[in-house]
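Novice: Sequence first, then the predicted structure, then my questions.
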Amino acid sequence: MKSEERSELLKMLARESYFERQLTLSSGRASNYYVDCKRTLYLPRGAYLAGELVLELATAAGVEQIGGMAAGALPVTDAVMAAAHRNGVNIRGFFVRKETKQHGLQQIVEGAFKPGLKTAVIDDTITTGGSSLQAVAAMKEAGGNVVAAIALVERGEGAIEAFARAGLKYSWVFTAEEVRAERAAHPVAS
């Protein structure tokens, strides 16, 4: 992985996206910290760096399309699509709705999804893998050949085991511990 880009993105995540406070995660678990990757992914340089680094993981996994549950997967998928264009990589992007759209084509999987292709589920931050596995079920029902899971930040709270049980190869750019350690080393003034 491109070490200079990785180091720069880690600094951005620690500065822009890391918060310490009591809250509840989408998994339902309580936590004393949160990594809100969207605060970095919606900055031009953050989107560029994340796209480049996650594209490396998608390419290494040999997948032909990536996507995940809206809204967590949207900015990282978009960043990867832009990186794929810059790098001449042929990969498709899509997202999974929480429920089937009631108008138009009435789909739960939207975007450039194509049945039969090797597929990765992605998300910005993954804790237990629960919402990603919900997305995987929808992808499989739509005909996707889901073989991998990819996260920008892996929290280390059960997703590794959950994806292994589901038979998915799992990779990530950062662990939450790396983001926490970077923030501790370079605190941000309030």
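Specialist: Received, thanks. Numbering: from 1, shown residues only.

Novice: Quick one: the strands in this structure, in order.
Specialist: Per DSSP state E, the chain carries strands over the ranges 18-24, 30-35, 65-69, 92-96, 109-111, 118-126, 145-154, 169-175.

Novice: what comes up buried for the fifth one?
Specialist: Just to be clear, that refers to strand 109-111. Residues 109, 111 are the ones in strand 109-111 that count as buried (16 or more other Cβ atoms under 10 Å). Any C-beta I mention is one placed from the backbone N, CA and C, and that applies to glycine too.

Novice: which residues touch the residue positioned nearest the centre of the chain?
Specialist: Residue closest to the average C-alpha location in the chain (Cα atoms, centre = their mean): Asp123, at 2.2 Å. Going by Cβ atoms under 8 Å, 6 or more residues apart in numbering, Asp123 touches 68-69, 72-73, 76, 131-132, 150-152.

Novice: Please name the bridge partners of it.
Specialist: Ala151 (DSSP bridges).

Novice: now for the strands of the chain, which one comes closest to Ile160?
Specialist: Evaluated with Cβ to Cβ, those place strand 169-175 nearest to Ile160, the distance being 6.0 Å.

Novice: Kindly calculate the angle that the closest one makes with strand 30-35.
Specialist: Between strand 169-175 and strand 30-35, the angle comes out at 80 degrees (axes from the mean of the first three to the mean of the last three Cα atoms, to 10 degrees).

Novice: Name the residues that touch strand 169-175?
Specialist: Here strand 169-175 makes contact (Cβ under 8 Å, 6+ apart) with 1, 6, 9-10, 13, 50, 53-54, 57, 60-61, 126, 147-156, 159-160, 163-164.

Novice: now stretch 132-148
Specialist: In contact with stretch 132-148 (Cβ under 8 Å, 6+ apart) are residues 58, 61-63, 65, 67-69, 73, 96, 107-109, 113, 115-121, 123, 126, 149, 159, 162-163, 166, 168-171.

Novice: The same query, at a cut-off of 6 Å, please.
Specialist: With contacts defined as Cβ atoms under 6 Å, 6 or more residues apart in numbering, stretch 132-148 is touched by 61, 63, 68-69, 96, 108-109, 115-116, 118-121, 123, 126, 149, 168-169.

Novice: quick revisit: quick check, nearest of the contacts of Asp123 to Thr40?
Specialist: Leu152 (8.7 Å).

Novice: Would you check that the closest one makes contact with Asp124?
Specialist: Yes. Assessed by Cβ atoms under 6 Å, Leu152 is found in contact with Asp124 at 4.9 Å.
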